[in-house]
Structure formats: C-alpha cells, structure tokens
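# please find the sequence and the predicted model below.
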Amino acid sequence: MKRFYLLFLMLVGCQLISLGQTRTFSMMEAVAESPKANYQLASRFSPNKLKKIIYSTTVDPHWLKMSNRFWYVYETPAGKEWYVVDPSVRSKKKLFNSAELAAQITTIMRDPFDAQHLPMENMKFSKDEKSISFELKSTIDELKKDRKDKKAADSMQKKIFYFNYELNTARLTEVKNYEKPKDKPGWGSVAPDSSAVIFARNYNLYWMDKANYLKAVKNEDDSTIVEHQLTKDGVKFYAYGNDGDGENNEENEKNNKKRRNAYVLWSPNAKYFILNREDSRKVKDLWVINNVAPGRPTLETYKYQMPGEKEAAVEELLLFNFEAKTSKKLNVAAFKDQNLSLWSAPSLNKDRDNEFRPSVWLGNNSKIYFSRSSRDLKRVDICFINILTGQVSPLIDERFNTYVEINRPGLVKEGNEIIHWS
C-alpha cells in the first residue's frame, strides 16, 4: 500500500508541473508591454546640453600681433573669465574686472548682467592692443532693417549693443550706429600680401586688386568693381576652379556668371599660384533627380565613371606666373587615370583672427609639394615641383597590394626633413 500511495503522489506532482509549464493566457488577462524608447532621457546627454555642465576643458588661445601675448576665455561652474597671458615672462592675469564691467554694461543696456554670466560675443583687440570691442544681445525688440511692418512674421529681432572697452582706464563706451562688417565672400583666394584676389566665373579665372575686393565685400553687385580675366578657354567639365558641382541644372545655368571659388594655392611671396584642373568631358553623364526640392523636382547632371568604363577624368596641374600673367602645364604623369592632390600650408593659430587669410601652398617660394596616386590607390607618390624649372621630383613612393592612405607631410627645416604618415 505504501508503494501504491508513493506512486500516486508522484503522478499527481508530475501533472501539476506539466500544467504549470503549459499555462495559457486568456483574452482578458493583461500582458506586460515591451519597454519603449526614452528619447527624453537620451536628449539630456545631447552635445548642446552637455556643454552646459562640462564647461571648458582646453585653452583656446588668440595670439596678439604686437607681442607674444595671447588671450583666452575659460568657463567653470563659477562663471566665465577672460585672461591675457605673456609666456615670455610667465604671467597670467584677468583681462578685466568682470563685476565692474557687468555693472557698466547693465547701466547702459538696462538689462541685468552679473559677473558670472557675461554673454559677450565677437571679442577683438584693437590694432594698437589698447582696447577691446565686443557685442551683446539685449532683450529689446527692434525692427529688422529690411522690414517695414512690425506685425509681419519674423520682422522683429533682439537689439545688439556694440561696445569698446579701454584696458588701461577700464572705461566702457557704447559704439552707436555701428554697422557690422559683412562676412568675407567664400569665392576669393587672397594672395599672401593681400594685393590680389583670384576667383572663377563662367569656367574661367579672373582677378581683382584689394581695393576692388573690399568693394565686393560690401556689395558684390557694385558696378564700379574692376575685374581682369586671366583665362579664356575654360568650358563646362573642363573648368578653372569651381564649375558648379552639386548644383542642379537650373542653378548651374543661373550661377555661371557669378563669382565662384577658384581653389588656387599661392606661393608665400605671392608671385605664383597653382591650380588643379580636371577634364571630364569624355566621361559619361549621370543624373540625379531631387524629388523633394521646393516646387517641382530638379535634375542634376554630372560626370561619373562607372566600373568597367574606359573614359576617365584627366587631372592636370597648372602653374601661373601672376606677375607675367602666364601659365604652363606641369608634366606630373606617372599612373593611368591618376589622381592629384595639392596641399596647403598648415594654418597658424596666430593668424586665426586676421582680416585676410591667404591660401598658401605647402612648400616655399621655389618648390611645392603634392601627391599623385593610381586609381586603385595602391600606388602613391609624394613629390615636389621646382617652380623655376617645372621639374617634378618624387620623394617618397608607396607600393602595396592594399589601399594606401596618406596625410599631408610635415616639413622640418624648410623641407630638409619630412614627417610622413602612411
């Protein structure tokens, strides 16, 4: 009997376990929902919001011209501070008393400011480095200059106050009726001595002097601007400089007569400049239809070499003697369907606030460095060009069975030594 009861209890236990494992849900029973994406939580860690709690982590120097000093702004949980540093004597001091300056600003603008939160923008030193200028946005609404109706949409803006602060006397004055300079146009390749500016128009090269460039900065449509044409054989898909790549057909036709970037690099003495010109006329057309353009869809026609096609773009380097207004094509051929890359000289931090920032080639007044690579990127040469003779001399050659990647070389001691990354 005991064995019979034990067997009976084991059978009952097995049935209960099997019922638990094969449990079913009724239509009325609530099922736990799967977790949803918490976008609000993720947005708390967006770059713009993190900036408000991380503050400054590096020093970003603005070098002055008349000395070896530089200034920078640094923000901590206690607020912003502006410093001026003189490395030659190892000194650092505050550029101004933030509390006193905030009080003067509040008196003039009638907006409350404190020493910890001065939202100054576009701060610059004067040429004699005895004063600084900056601007602040107020809470006052004013009508935009190009609008007449205050009630029209997007017709109002916050008034901006412009100031000048004398460093020796700590005196702040408002610059009234100030007209903010316009941004420099992107089409100008300025010479290192600022004497001339190269640009492209209708597939050809033009130049203007500094006086006329300053006119164009104020008003590009000024009828008194004098331009000079350098080339006349430029055509679409064999242009000098920008030919409107990336524009749809209607925009390209409309903008052909406008000034465009020529993508030239100057010699340091401003006597020569070099240009990479591409001939893609034999390459077959490809099209893109932008069906989300405003109004009707737009068509863009451009050149593209598909795999297996023989027609390829041909790149060439042209060296211009700006004084003589002449040019010559350099013999840089090495690989079939090769690509050419010109390097600009590294931008110096001390020049970041310059009014004109020239595009200077990597090299000196007698030589320029460039690279050429095969179409499969398995063969790369780093070369330099003798400006006077036009001779091309390879310095470094890379040959691999895989893709080769290089960066702009670093020149040491006028190029007597080179730092190469590959």
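Thanks, I have the structure now. Numbers count the residues shown, from 1 in each chain.
# and the helix or strand containing T301, what other elements does it pack with?
Using DSSP states H and E, T301 maps to strand 298-303. Here strand 298-303 touches helix 249-255, strand 285-290, going by 3 or more C-beta pairs under 8 Å, 6 or more residues apart in numbering; DSSP states H and E. Quick note: C-beta positions are derived from backbone N, CA and C, even for glycine.
# the longest one - what's its average pLDDT?
Right, the one you point to is helix 249-255. The average pLDDT for helix 249-255 rounds to 84.
# ok, and what's touching that helix?
G244, E247, T298, L299, E300, T301 (C-beta atoms under 8 Å, 6 or more residues apart in numbering).
# most neighbours out of those, which is it?
G244 (21 neighbours; other C-beta atoms under 10 Å).
# you'd agree that residue is up against K257?
No. Contact criterion C-beta atoms under 8 Å: G244 and K257 do not qualify, at 11.1 Å.
# low-confidence stretches in this structure?
Along the chain, segments meeting pLDDT under 70 span 1-31.
# try it again at 50.
Residues of the chain that meet the criterion pLDDT under 50 lie in 1-2, 4, 6-7, 16, 19-20, 25.
# so what's the residue count around the residue lying closest to I418 once chain neighbours are set aside?
The spatially closest residue to I418, leaving aside those adjacent along the chain, is P409, at 5.0 Å (C-beta to C-beta, 6 or more residues apart in numbering). Neighbour count of P409, defined by other C-beta under 10 Å: 19.
# do R277 as well
20.
# these two touch, right, K328 and L318?
Yes. Counting by C-beta under 8 Å, K328 touches L318, with 7.2 Å between them.
# domain map for this structure?
Here the domain parsing of the chain from automatic domain parsing is 47-147+154-174, 190-419.
# show the end-to-end separation of the longest one, please.
With C-alpha to C-alpha, to the nearest Å applied, domain 190-419 spans 28 Å between its terminal residues.
# for the protein, which residue is closest to the average position?
G186 (11.1 Å; C-alpha atoms, centre = their mean).
# which SSE is immediately downstream of the longest strand belonging to the chain?
Longest strand in the chain, counting residues (DSSP state E): strand 131-143. Using DSSP H and E, the helix or strand that follows strand 131-143 in sequence is strand 156-166.
# ok, A293 touching L299?
No. Look at A293 against L299 with C-beta under 8 Å: they stay out of range, at 9.7 Å.
# could you pull out the buried residues of the following helix or strand past the strand holding T301?
Using DSSP H and E, the helix or strand that directly follows strand 298-303 along the chain is strand 314-321. Neighbour counts over strand 314-321 (16 or more other C-beta atoms under 10 Å) mark V314, E315, E316, L317, L318, L319, F320 as buried.
# quick one: strand 314-321 to chain centroid distance?
Computed by C-alpha atoms, centre = their mean, to the nearest Å, the chain-centroid distance of strand 314-321 equals 25 Å.
# which other helices and strands contact it?
strand 272-279, strand 326-329, strand 339-342.
# go again with 6 Å.
Helices and strands touching strand 314-321, by 3 or more C-beta pairs under 6 Å, 6 or more residues apart in numbering; DSSP states H and E, are strand 272-279, strand 326-329.
# so what's the residue count around the spatially closest residue to Q229 that is not a sequence neighbour?
Counting by C-beta to C-beta, 6+ apart, the nearest residue to Q229 once its immediate chain neighbours are dropped is Y206, at 5.4 Å. Applying other C-beta under 10 Å, we find 20 residues neighbouring Y206.
# Y206 belongs to a strand?
Yes. Checked against DSSP: H, G, I helix; E, B strand; the rest coil, Y206 lies within a strand.
# bridge partners for it, pull those for me.
F199, Q229 (DSSP bridges).
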